[in-house]
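> Give me a 3D structure for the following:
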Amino acid sequence: MAIGYVAIHCDTGREVQTYERILGTAHVKEASIVMGLYDIVCKIEASTTKELESIVMQIRKIPHVQTTMTLLVL
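Below you'll find the predicted structure:
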């Protein structure tokens, strides 16, 4: 199993809308709106790192997502 945490920076004022879209993404197990450099942090669980990468790419395509940073659990 591949587990990753993704920190997401999104457009100002669009945090809740983006958070709701992220929660609806397959394999996203939890998500939280946070304060600081990033606006949302989510946990992804996938079968392989390739599948995890694909899910991160889906998140990057969500409207109002500006940047992401992925932390892969070893």
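> what sits opposite residue 44 in the beta ladder?
Note on residue 44: beta-bridge partners residue 4, residue 28, judged by DSSP bridges.
> going forward can the numbers begin at 271, since that is how I track them
Happy to do that; since the first residue is 271 now, the last one works out to residue 314.
> count of residues packed around it?
Look at residue 314: counted by other C-beta atoms under 10 Å, it has 27 neighbours. In this view, the C-beta of every residue, glycine as well, is placed from N, C-alpha and C.
> Residue 283 versus that one, what's the distance?
Residue 314 sits at a distance of 25 Å from residue 283 (criterion: C-beta to C-beta, to the nearest Å).
> for residue 327, same thing?
Per C-beta to C-beta, residue 327 is found 25 Å from residue 283.
> same thing with residue 326?
24 Å.
> With neighbour numbers in mind, choose between the two.
Neighbour count, other C-beta under 10 Å: between residue 326 and residue 283, residue 326 has more, with 20 against 8.
> Quick check: phi and psi on the more buried one?
Dihedral pair for residue 326: phi -60, psi -40, per degrees, to the nearest 10.
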